[in-house]
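# Structure of the sequence below:
(one chain, ligands or ions: 1)
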Amino acid sequence: MSLLSKLFGHADQGYSLVEKRPDILLCCVNEPLMPRWRGPDVMEDDRNALGFVCGKCGREFGHDKVHERRVIVS
Ligand SMILES: [Zn+2]
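Residues are numbered from 1 along each chain as shown. Take a look at the predicted model:
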């Protein structure tokens, strides 16, 4: 139903299930994004990240939406 269901769901990564998420412009653009990795062996390079997750609301962004772990607002 949401992007969260597509995440691996590691409970220790601080994902919270909130129904009403803040607007991207009010939330994610102000937050440093956390890269999501396939596994611990590929965690050196952001280019290997599967996506980038906002630590506040849990939204995930693809590489095309992120630059240097920040949401690109266009
Ligand atoms: Zn956010």
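
# C-alpha from now on. contacts and neighbour counts both.
Noted.

# neighbours around the closest residue in space to residue 53 that isn't next to it in sequence, how many?
With sequence-adjacent residues excluded and distances taken as CA to CA, 6 or more residues apart in numbering, residue 53 is closest to residue 60, at 4.3 Å. Look at residue 60: counted by other CA atoms under 10 Å, it has 23 neighbours.

# hang on, residue 60 packs against residue 50?
No: using CA atoms under 8 Å, residue 60 is not in contact with residue 50, being 9.6 Å away.

# quick one on the thing from earlier: and the residue nearest to residue 53, what's its pLDDT?
pLDDT recorded at residue 60 is 96.

# From residue 51, how far off is it?
To residue 51, residue 60 is 6 Å away according to CA to CA, to the nearest Å.

# Tell me who's in contact with the residue nearest to residue 53.
Contact partners of residue 60, counting by CA atoms under 8 Å, 6 or more residues apart in numbering, are 3, 51-54.

# now swap in residue 38 and tell me
49-50.

# what about residue 52, which helix or strand?
Using DSSP states H and E, the element containing residue 52 is strand 51-54.

# What pairs with that strand, parallel or antiparallel?
Applying DSSP bridges, strand 51-54 is found paired with strand 33-36 (antiparallel), strand 60-61 (antiparallel).

# Just give the closest residue to residue 42, not the sequence neighbours.
Using CA to CA, 6+ apart and skipping the chain neighbours, the partner closest in space to residue 42 is residue 48 (6.4 Å).

# count of residues packed around the one you found?
Residue 48 - counted by other CA under 10 Å - has 15 other residues nearby.

# related to what we said a few turns ago, just name the most buried of the strands paired with strand 51-54.
Stretch with highest mean neighbour count among the strands paired with strand 51-54: strand 60-61 (a mean of 23; mean count of other CA atoms under 10 Å).
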